[in-house]
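Chemist: When you get a sec, could you give me coordinates for this:
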Amino acid sequence: MRITSLLAVSAVEASLPLLAVCAFLLSTLVVFAVRCAALGRPRTPSIESRALPALWKGLMEWWVWLWGPVERACVRRGVPPNAITLASTAFAGIAAVLLASGRLSVGGWVYLFGASLDLVDGRVARAQGRSSAAGAFLDSTLDRVAELLVFAGLAIRFRDTATLYAVLAAAGASVLVSYARARGEALGAGREASVGGMQRAERVVLTGLPCALSPLLDALLGAGTGQFAVQCALGVLAAATSLTALRRGHAIWRALRGPATDPSALGNVRKIDPIRWGQRRPGA
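Modeler: Numbering: from 1, shown residues only. You can find the predicted model right below:
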């Protein structure tokens, strides 16, 4: 009985840094809620344009507000936006190594931190007047790299369990979601290219947060609960992201079923001349 009590105390003590982080985040959320009640909720155009519940929009605005001091410091010091993008990807690589080695909590926090830097880079670029097509391309490409690195780390961690299939499904579906949006927008189906709820922000939260909080679940509900919660979250992530990929793909396909109005939008599809197609070359 005494040994069990000592183990419980040790688990709580080991979770103290995590509890401190959670307490800090909750306190900032309360401050943000009071600010919204007094001044109104901030309305970031990129958030307002999405079809999301008001509560989720509010949480996204809180996270943008929370990282405001970092954004302003980067603007004042002239930190290049591309450097922030590269740092975000580097943190994702570190998170992948930590997750692969079984350090789910630290890996989860590092991933959330790195993904939050990705939120900052675009805002810093606009504030500094450095927005460019090259920067947008680098940002989008490295977003995919960062996400796949983290999924690779989780695949290594759960390689001997059925959760491996959920990780692989989530990785494949996330690529399809991103590709469908890029290709749909290029073909003129911009509205349909945003269909579905599991965009990158939601995928990051559903991947990183259960990992980050896993020790707290172990301390409160017993050893192994945290890892089980991570495995369940990955299963939900795989299903929800796959559903988003299907919905988005179907919506874009329906929007593009009619005759193409702009031949240049067909990309690398070569237009066939019916007259030349019907002629045979001599000796053919």
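Chemist: rest of the way, CA atoms for contacts and neighbours
Modeler: Will do.
Chemist: what's the neighbour count on residue 188?
Modeler: Residues near residue 188, counting by other Cα atoms under 10 Å, number 17.
Chemist: Ramachandran angles for it?
Modeler: Backbone geometry at residue 188, expressed as degrees, to the nearest 10, gives phi 90, psi 10.
Chemist: so how far is residue 182 from it?
Modeler: Here the criterion is Cα to Cα, to the nearest Å. By it, residue 188 lies 10 Å from residue 182.
Chemist: Same question for residue 215.
Modeler: Relative to residue 182, residue 215 is positioned 38 Å away (Cα to Cα).
Chemist: cool, residue 253 as well?
Modeler: Spatial separation of residue 253 from residue 182 under the definition Cα to Cα is 14 Å.
Chemist: ditto for residue 221
Modeler: Going from residue 221 to residue 182 by Cα to Cα gives 43 Å.
Chemist: okay, now residue 172: neighbour count?
Modeler: 17.
Chemist: any idea which element it lies in?
Modeler: Counting by DSSP states H and E, the element that carries residue 172 is helix 163-186.
Chemist: what about that helix, average pLDDT?
Modeler: Helix 163-186 carries an average pLDDT of 93.
Chemist: what's the strand or helix carrying residue 90 packed up against?
Modeler: Remark: residue 90 resides in helix 81-100, with elements defined by DSSP H and E. The helices and strands touching helix 81-100, judged by 3 or more Cα pairs under 8 Å, 6 or more residues apart in numbering; DSSP states H and E, are helix 104-128, helix 133-157.
Chemist: number of nearby residues for residue 238?
Modeler: Around residue 238 there are 23 other residues, counting by other Cα under 10 Å.
Chemist: Longest helix in this protein, please.
Modeler: Under DSSP state H, the helix in the chain containing the largest number of residues is helix 225-255.
Chemist: So which bits of that helix are buried?
Modeler: Residues 225-231, 233-252, 255 are the ones in helix 225-255 that count as buried (16 or more other Cα atoms under 10 Å).
Chemist: hmm, back to that, highest mean neighbour count out of the helices and strands packed on helix 81-100?
Modeler: Using mean count of other Cα atoms under 10 Å, the stretch among these with the largest mean neighbour count is helix 104-128, at a mean of 22.
Chemist: what are the phi and psi values for residue 130?
Modeler: The phi/psi pair for residue 130 (degrees, to the nearest 10) reads phi -110, psi 10.
Chemist: wait, what's in contact with it?
Modeler: Taking Cα atoms under 8 Å, 6 or more residues apart in numbering as the contact definition, residue 130 lies against residue 81.
Chemist: Then residue 76?
Modeler: Counting by Cα under 8 Å, 6+ apart, residue 76 has no contacts.
Chemist: swap the cut-off to 10 Å and go again
Modeler: For residue 76, the contacting residues are 70, 124, 127, 128, by Cα atoms under 10 Å, 6 or more residues apart in numbering.
Chemist: try residue 114
Modeler: With contacts taken as Cα under 10 Å, 6+ apart, residue 114 has the following neighbours: 84-95, 108, 146.
Chemist: any idea which of these is closest to residue 139?
Modeler: Top of the list for closeness to residue 139, among the contacts of residue 114 and by Cα to Cα, is residue 85 at 6.2 Å.
Chemist: Quick check: the closest one touching residue 137?
Modeler: No - taking Cα atoms under 10 Å as the definition, residue 85 is not a contact partner of residue 137, at 11.0 Å.
Chemist: Common neighbours of these two, please.
Modeler: Overlap between the neighbourhoods of residue 85 and residue 137 consists of residue 143, taking contacts as Cα under 10 Å, 6+ apart.
Chemist: Need the pLDDT of the residue nearest to the spatial centre of the chain.
Modeler: The structure's the chain has its C-alpha centroid closest to residue 200; by Cα atoms, centre = their mean the separation is 2.9 Å. The predicted local distance difference test score for residue 200 is 89.
Chemist: Quick check: it vs residue 194, distance?
Modeler: Using Cα to Cα, residue 200 is found at 11 Å from residue 194.
Chemist: any common contacting residues for the two?
Modeler: When contacts are counted by Cα under 10 Å, 6+ apart, residue 200 and residue 194 have 177, 178 as shared neighbours.
Chemist: in the protein, which segments are predicted with low confidence?
Modeler: Per-residue confidence for the chain (pLDDT under 70) gives these ranges: 1-16, 258-284.
Chemist: how does it look with 80?
Modeler: In the predicted model, the chain carries pLDDT under 80 at residues 1-18, 46, 49-52, 190-191, 196-197, 258-284.
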